[in-house]
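**Q** Prediction below, plus the sequence it came from.
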Amino acid sequence: QVQLVESGGGLVQAGGSLRLSCAASGGTLSRYGMGWFRQAPGQEREFVAAISWGTGGSYYVDSVKGRFTISRDNAKNTVYLQMDNLKPADTAVYYCAADISPFPFVRVGESSYTYWGQGTQVTVSS
């Protein structure tokens with residue numbers, strides 16, 4: 001059973017930065033595609049970014065391209081989401097998730113991910 005624990009959320013002013021971490025236990029993260037999703041109040045959860053295990057490629061939703069960067073440190077079994085130039089619209093609970101299928105490319109659908117963290121709150125003030 002893979003367990004994922006997010007950290008690094010908090011309150012930041014618009015234009016600021018945060019780095020979210022997702023630490024995995026019970027599994028080898030280097031073998032998984034990893035994704036970040038977010039859910040704002042009253043809205044459905046949406047895809048933010050993902051990184052594949054096979055090619056190392058990454059993919060971002062248009063609204064965060066150029067501002068967010070997903071990366072992984074396999075030695076630490078941890079995935080990161082560096083968020084720069086944050087906007088109030090980025091306010092949400094952020095979740096990391098693991099895609100344990102052998103598919104080597106990035107996947108963006110929630111149903112592709114088997115394990116989920118508990119989420120970490122990010123609040124961006126204007």
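**A** Sure, I can see it. Predicted model only: the values in this text are computed from it and were never measured. Numbering: from 1, shown residues only.

**Q** State the distance from the most centrally placed residue in the chain to residue 86.
**A** Geometric centre of the chain, nearest residue: residue 36, 2.2 Å, by C-alpha atoms, centre = their mean. Counting by C-beta to C-beta, to the nearest Å, the gap from residue 36 to residue 86 is 14 Å. C-beta: built from backbone N, CA, C; applies to glycine.

**Q** returning to what we had before: for the residue nearest to the centre of the chain, which non-adjacent residue is spatially closest?
**A** Of all residues not flanking residue 36 in the chain, residue 48 sits nearest, at 4.4 Å (C-beta to C-beta, 6 or more residues apart in numbering).

**Q** The host helix or strand of the one you found - which strands sit beside it in the sheet, and in what orientation?
**A** Element membership for residue 48 (DSSP states H and E) is strand 46-51. Applying DSSP bridges, strand 46-51 is found paired with strand 33-39 (antiparallel), strand 58-60 (antiparallel).

**Q** so where do the strands sit in the protein?
**A** Using DSSP state E, the strands of the chain run over 3-7, 10-13, 18-25, 33-39, 46-51, 58-60, 68-73, 78-83, 92-99, 115-116, 120-125.

**Q** Would you point to the one among the strands paired with strand 46-51 that's packed deepest?
**A** strand 33-39 (a mean of 24; mean count of other C-beta atoms under 10 Å).

**Q** Surely residue 72 is in contact with residue 79?
**A** Yes: here residue 72 reaches residue 79: they are 4.8 Å apart, a contact under C-beta atoms under 8 Å.
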